[in-house]
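**Q** No sequence on hand, only this structure:
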Ligand SMILES: Cc1ncc(C[n+]2csc(CCOP(=O)(O)OP(=O)(O)O)c2C)c(N)n1
Ligand SMILES: [Mg+2]
């Protein structure tokens, strides 16, 4: 299960997943108060995917993300205080309050940005992969995208480009069963069960794993990333998962079966499953996990407090950074 | 009989009436019904902001939830329209134009001309524009000028519920490709709208009020901004003509020129980018055509030449406002 993971690594992965969960749950409750502007899409429920991959990556490796990007950011090491401030539209935010939830990026840690355009990530990740290949530094790029994005032409074109140019790119499909209100079952014929079936046709290794099983994701990610680092080209990993909240905050979710989320929270929660596995295997004491939970809660709490207290962006910042020089 | 309904209801009604009258009218887009195939409530969304709600139940054979493949389904709307249908393609946000632009820019727009007048492509693309919701740089733009730039496309930017219904009805039955821009801030605004079917011609401006001092040209949401400014100016004895061209292509130049000939002053209010855009276009053609009538330099009230920012204070500063329009009008009076 966790053969190659040290205790430290396990604790670190758990902390990341907990940070994502706590961050998203808190935004959900704060959004309801009306203080958070704009569109917000939450990643709660899908933590094992982002963390399972990013735990194999360093700052030299790049990821591209989606509209549902908070989890990818946290997993890749974007500062949580800056993220929260960004979501509140503050001067102290990761992007100075100019991007917001859907555009958090931190190139220093290899996070190429959440993205408002569905299907924009795969081509960018190919570019990142090409840069890695030309630099010959063994770095890779990972693109996270959804079952809905899987239908975008950019994605098909990018899979073909990645195999043709032999790029160190890993396509990570987060199949949460919904694209907004529409099921992938209704928008394709190949891949209504496993979207990885489509990727195989492009000539790359493609598998489907249980995206709520951290260890399954971690192992599949390790293999694909290792292959890419060694010059073995692109891979495709589909992770089956579920989002706990609406498509965006405020979505009434009438398209969902009653009890779907409740059932998943009780029986298929990635954090609970992780905890149960490491405790049962005697690798970690549950007290240590609870300590992390507490620390993370305090961390997120202080991020919210700081974000609320932070100043608005300076009015002059409206005009800056359109160009490098002009 | 007229009653008060919302802008988005007026749009829904226009589509419904055209679909009732004409079996070749079809509708496609992301979540335009919503949740098809999940076994739950069908038509759970009716489009991302609920505009097409109910149409699926009335026309299950002619309303299509599309995969997130804008190039493909917007292109299919174009193709179907070139083959006897009147397709309405919904591009959820106009910001997504980049994904499918070729199908409009090089295909729909050019068929008729390139094919020596033999093609008819009566496609209508409906799409959401506008800032004001902190939706940031990729969900807040108003890129109607990009489309206006393209010969072969007609561009419609309604400013109220009555116009929305009448203009959309015309667009759907128009034999040329039409792009219909719906400002998200207008969706819940109400206006008097007749229940029955009616049409408003493309290229015919609406003159909201006539004044003697300054001509203000404004589109979409900016019409209400201009109206607010004009009310304030009225108090100081400055009287404004407000012209809502309703469509940027075709454009009712005569309405603008003849008004400027009377007032000698022009202010254009535009939410799109300030460079090579609608405001610049109106100012340029007015300067060229009625230069001798001008008593002052025409003014453009547009956002600064920057992407739409996220933070609320920056977005407010970004957008044209009644105060900015007022200041521009006063400048022409100096
Ligand atoms: C080009 C483009 N088309 C449509 C949208 C609107 N949109 C945002 S998210 C989304 C659904 C995406 O579904 P999926 O890829 O499965 O990701 P999930 O939301 O499930 O994480 C849609 C249609 C968009 N942002 N960009
Ligand atoms: Mg999805």
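**A** Thanks, I have it. Predicted model only: the values in this text are computed from it and were never measured. Ligands and ions are numbered 1, 2, ... in the order given.
**Q** Not counting its neighbours along the chain, what's nearest whichever residue of the stretch 1-150 of chain B sits closest to ligand 1?
**A** Nearest residue of the stretch 1-150 of chain B to ligand 1 (Cβ to the nearest ligand atom) works out as residue B:96 at 4.1 Å. C-beta here means a position set from N, CA and C on the backbone, and glycine is covered the same way. In space, and not counting its chain neighbours, residue B:96 is closest to residue B:70: 5.8 Å by Cβ to Cβ, 6 or more residues apart in numbering or on different chains.
**Q** contacting residues around the residue of the stretch 1-150 of chain B closest to ligand 1?
**A** Residue B:96 sits next to A:117, B:70, B:127 when contact means Cβ atoms under 8 Å, 6 or more residues apart in numbering or on different chains.
**Q** Chain A: strands as residue ranges?
**A** Assigned by DSSP state E, the strands in chain A fall at A:62-64, A:141-146, A:169-175, A:206-210, A:235-240.
**Q** Return the distance of the residue nearest to residue B:96 relative to residue B:259.
**A** For residue B:70, the distance to residue B:259 equals 39 Å [Cβ to Cβ, to the nearest Å].
**Q** Just give me the neighbour total for the closest residue in space to residue A:250 that isn't next to it in sequence.
**A** Leaving aside its sequence neighbours, residue A:250 sits nearest to residue A:31 (Cβ to Cβ, 6+ apart; 7.9 Å). As a burial measure, residue A:31 scores 20 neighbours (other Cβ atoms under 10 Å in any protein chain shown).
**Q** Equivalent analysis for residue B:14, please.
**A** 26.
**Q** what's the answer for residue B:195, then?
**A** 11.
**Q** show me the contacts for the closest residue to it other than its chain neighbours.
**A** Residue nearest to residue B:195 in three dimensions, not counting chain neighbours: residue B:1, with 5.5 Å by Cβ to Cβ, 6+ apart. Residue B:1 is in contact with B:194-196, counting by Cβ under 8 Å, 6+ apart.
**Q** Tell me where the model's unsure across the stretch 51-200 of chain A.
**A** Scanning the stretch 51-200 of chain A for pLDDT under 70 picks out no residues.
**Q** Can you give me the pLDDT of residue B:208?
**A** Listed pLDDT for residue B:208 reads 98.
**Q** what number of residues lie near the residue nearest to residue B:96?
**A** 28.
**Q** Over to residue B:248?
**A** Once other Cβ under 10 Å is used to define contacts, residue B:248 is seen to have 27 neighbours.
**Q** Checking my notes, it in a helix, right?
**A** No - Residue B:248: not assigned to a helix; according to DSSP: H, G, I helix; E, B strand; the rest coil it is strand.
**Q** Test my guess that it contacts residue B:144.
**A** Yes - with contact defined as Cβ atoms under 8 Å, residue B:248 counts as touching residue B:144 (5.7 Å).
**Q** Quick check: neighbours shared by those two?
**A** Shared contacts of residue B:248 and residue B:144, counting by Cβ under 8 Å, 6+ apart, come down to B:155, B:157, B:219, B:278.
**Q** Setting aside sequence neighbours, what's the nearest residue to the third one?
**A** In space, not counting the residues next to it along the chain, residue B:219 is nearest to residue B:157; the distance is 4.6 Å by Cβ to Cβ, 6+ apart.
**Q** The one you found contacts residue B:246, correct?
**A** Yes - counting by Cβ under 8 Å, residue B:157 touches residue B:246, with 7.1 Å between them.
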